[in-house]
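Enquirer: model this:
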Amino acid sequence: MQQTSEPRLRARTFTCMGTVISLTVAADAHKAPQAAADELEAATAVVERLFTELDSIFSLYRPDSEASRLVRGELALPEASGEMRARYEEAAEWRLLTEGAFTPERPDGALDLSGIVKGHAIREAGMSLLALGMANWCLNAGGDVLVGGSPNPGTDVPWRAGIVDPADRRTLLAGFPLGGAAPCPPVGKTADGGTRVALATSGSAERGDHIWSVTAGTAEFRQVSVAAADVVTADVLATAIVAGGVPMLNRATAMWDIEALAVRANGELLATGGFRR
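Expert: Here you go, the predicted model:
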């Protein structure tokens, strides 16, 4: 009988952008333990440096950041860095696509790109991990998840992302397969055959009411999770659906190849087919 070795999952965490970021790497069981540990340490350092650099530009909690200078009127957007202008342009494009449900400005008109910066940081970190030659990993930044490969190297087993119940943060409401190969029916696959590798969750359950509703009255959804083929799409649309309610949920699921799970204020669930399965 042929024996197979179990893969080793190793994780490192750090804090940035007001949340905990964790990087889990699935090392091939045949790789030397010290080599796997060194690889993870180097990768975590790269990811942490990337998040820290972006936080120094976009954080509104840091008075010396470029974002804070823009809010105070000490700097005009045309004079801002290329990174700041690129993220504003990306956020402005999403505002058009979501018909204003996602916006780069606060209700008082101040520029606030926090709705897209974390997703962008995760996206850039994922690209860095791939550039380092790492194939099997899971990056989790405050519940927004991006994966590469499989937790079981050499197989098509997907990573499993959990969604916390907003009514009880100690329990999971649902799980969703990311990366790897999706089960049949293809829950984790996009319509064109691509694999969903990202899951983002937005709402008031963990961070309070930090999303501005564009619907009249109280926001319809307490929490929204979106699975997509890229993390910025998942993150932006989760935020937009919380802000725009059922009309934006209908628009998002019609325009983008996503799966969504929305929790109403009364606890009722609205789910696309992938989450229902």
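Enquirer: from here on, contacts and neighbour counts on C-alpha atoms
Expert: OK.
Enquirer: residue contacts, the most centrally placed residue in the chain?
Expert: Residue closest to the average C-alpha location in the chain (Cα atoms, centre = their mean): residue 144, at 3.3 Å. Contacts were defined as Cα atoms under 8 Å, 6 or more residues apart in numbering; by that measure residue 144 touches 119, 198, 199, 200, 201, 231, 235.
Enquirer: nearest to residue 29, of these?
Expert: Among those, residue 198 lies closest to residue 29 (Cα to Cα), at 25.6 Å.
Enquirer: residue 174 contacts residue 164, correct?
Expert: Yes. Counting by Cα atoms under 8 Å, residue 174 does reach residue 164; the two are 7.3 Å apart.
Enquirer: looking only at neighbour counts, state which of those two leads.
Expert: Taking neighbours as other Cα atoms under 10 Å, residue 174 and residue 164 compare with residue 164 leading, 20 against 13.
Enquirer: can you tell me the element that one falls in?
Expert: Residue 164 is part of strand 159-165, with elements assigned from DSSP states H and E.
Enquirer: which strands and helices lie in contact with that strand?
Expert: Judged by 3 or more Cα pairs under 8 Å, 6 or more residues apart in numbering; DSSP states H and E, strand 159-165 is in contact with strand 168-178.
Enquirer: what pairs with the strand it packs on, and is each one parallel or antiparallel?
Expert: Neighbouring strands of strand 168-178 in its sheet, by DSSP bridges, are strand 159-165 (antiparallel).
Enquirer: neighbouring contacts of the strand it pairs with?
Expert: Strand 159-165 has contacts (Cα under 8 Å, 6+ apart) with 138, 143, 145, 147, 150-151, 170-180, 199, 201, 225.
Enquirer: output the strand holding residue 164 as PDB, restricted to C-alpha atoms.
Expert: Extracted C-alpha coordinates of strand 159-165, given in PDB (Å, rounded to 0.1, in the frame of the first residue of the first chain):
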ATOM      1  CA  TRP A 159      -9.800  25.800   0.900                       C
ATOM      2  CA  ARG A 160     -12.900  26.200   3.000                       C
ATOM      3  CA  ALA A 161     -13.800  29.800   4.100                       C
ATOM      4  CA  GLY A 162     -16.200  30.200   7.000                       C
ATOM      5  CA  ILE A 163     -18.700  33.000   7.400                       C
ATOM      6  CA  VAL A 164     -19.400  34.100  11.000                       C
ATOM      7  CA  ASP A 165     -23.000  34.400  12.100                       C
END
